[in-house]
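*Asks:* sequence and computational prediction follow.
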Amino acid sequence: MSTFVLVPGFWLGAWAWDGVTEPLRAAGHAVHPVTLTGLAERAAEGGPQVDLETHITDVTGLLAEADLREVVLVAHSGGTGAVTGAADRAPERIRRVVYLDSGPLPGGATLAELNPGLAKREVGDGRLPLPSFEELAESGASLAGLGPAERALMRERATDHPAGVLHQPLRLSGAGDALPKTLVSCSFPLDQVRALIAAGHPWFAALSGPEWELTELPTGHWPMFSRPEETARVLAEVADR
């Protein structure tokens with residue numbers, strides 16, 4: 001059995017993993033969904049002081065406080081910054097890093113560079129509200145599999161994301177570079193991903209290393225809502241490798 005730490009993307013808290021957590025736990029895995037500072041039940045902790053290092057510390061703090069080891073550390077979407085940073089800070093506690101319709105944030109880069117369209121929607125008091133679903137689709141986030149119930153859940157429970165997280169460059173030492181890593185591509189066909197890797201695209205070139213494996217779960221950008229049981233199955237399969 002494996003130990004999973006699940007880190008959600010923008011606007012989401014640990015609640016977003018409910019449909020994935022239940023089948024994983026039913027299969028005997030230990031699962032720790034994370035709510036990052038300033039989001040969901042921790043919204044009151046938000047503010048201009050929250051940056052990327054805050055969210056990295058959220059993850060490394062959980063690993064240390066719960067004394068978790070041999071962890072399968074999962075990043076969805078904008079959770080890449082916290083997960084890539086945590087893997088660099090505490091590689092001795094991690095068995096595999098999984099990027100779920102996401103990818104590693106390069107050292108020195110910011111989440112704003114990765115998501116320039118979202119950064120433009122930041123409001124003046126340092127918050128990034130959830131855009132309309134039409135705006136999300138225009139920015140390239142696939143809404144496949146999100147019916148009225150899933151969209152209503154996201155809209156009801158989403159919280160403004162601390163904008164400071166977008167603008168702090170990720171600091172990396174290279175300590176986590178050799179960790180086994182998996183890309184689970186959902187909204188991009190693997191053939192397209194492989195073409196971007198071969199072309200040396202700056203956001204995909206790192207996926208060519210020997211520590212990487214690629215797999216896919218065809219759906220939209222939020223597989224924990226559109227295909228939760230299948231997401232749990234894929235994560236369990238990846239953890240067994």
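*Replies:* Noted; the coordinates are in hand. All values derive from a computational prediction rather than experimental measurement.

*Asks:* least trustworthy helix or strand in the chain by mean pLDDT?
*Replies:* helix 116-119 (a mean of 82; mean pLDDT, DSSP states H and E).

*Asks:* how distant is that one from the center of its chain?
*Replies:* 17 Å (Cα atoms, centre = their mean, to the nearest Å).

*Asks:* stretch 219-234 too?
*Replies:* Stretch 219-234 sits 13 Å away from the centroid of its parent chain (Cα atoms, centre = their mean).

*Asks:* do stretch 226-237 as well
*Replies:* Chain-centre distance of stretch 226-237: 15 Å, with Cα atoms, centre = their mean.

*Asks:* mean confidence for that stretch?
*Replies:* Across stretch 226-237, the average pLDDT comes to 98.

*Asks:* give the buried residues for that stretch.
*Replies:* Buried residues in stretch 226-237, counted by 16 or more other Cβ atoms under 10 Å: 226, 227, 228, 231, 232, 233, 234, 235, 236. In short, each C-beta sits where N, CA and C put it, glycine included.

*Asks:* just checking, the last one touches residue 2?
*Replies:* Yes - using Cβ atoms under 8 Å, residue 236 and residue 2 qualify as a contacting pair, with a distance of 7.2 Å.

*Asks:* any idea how far apart the tips of stretch 86-96 sit?
*Replies:* One end of stretch 86-96 to the other measures 12 Å (Cα to Cα, to the nearest Å).

*Asks:* buried set for that stretch?
*Replies:* Result for stretch 86-96 [16+ other Cβ under 10 Å]: buried residues 86, 87, 88, 89, 90, 91, 93, 94, 96.

*Asks:* ok, residues contacting it?
*Replies:* 2, 56, 59-60, 63-64, 68-73, 97, 172-176, 178-182, 238-239, 241 (Cβ atoms under 8 Å, 6 or more residues apart in numbering).

*Asks:* also stretch 211-227?
*Replies:* 8, 16-17, 19-20, 76-77, 100-101, 141-146, 150, 153-154, 177-187, 189-190, 193-194, 206-207, 230-231, 234, 238, 241.
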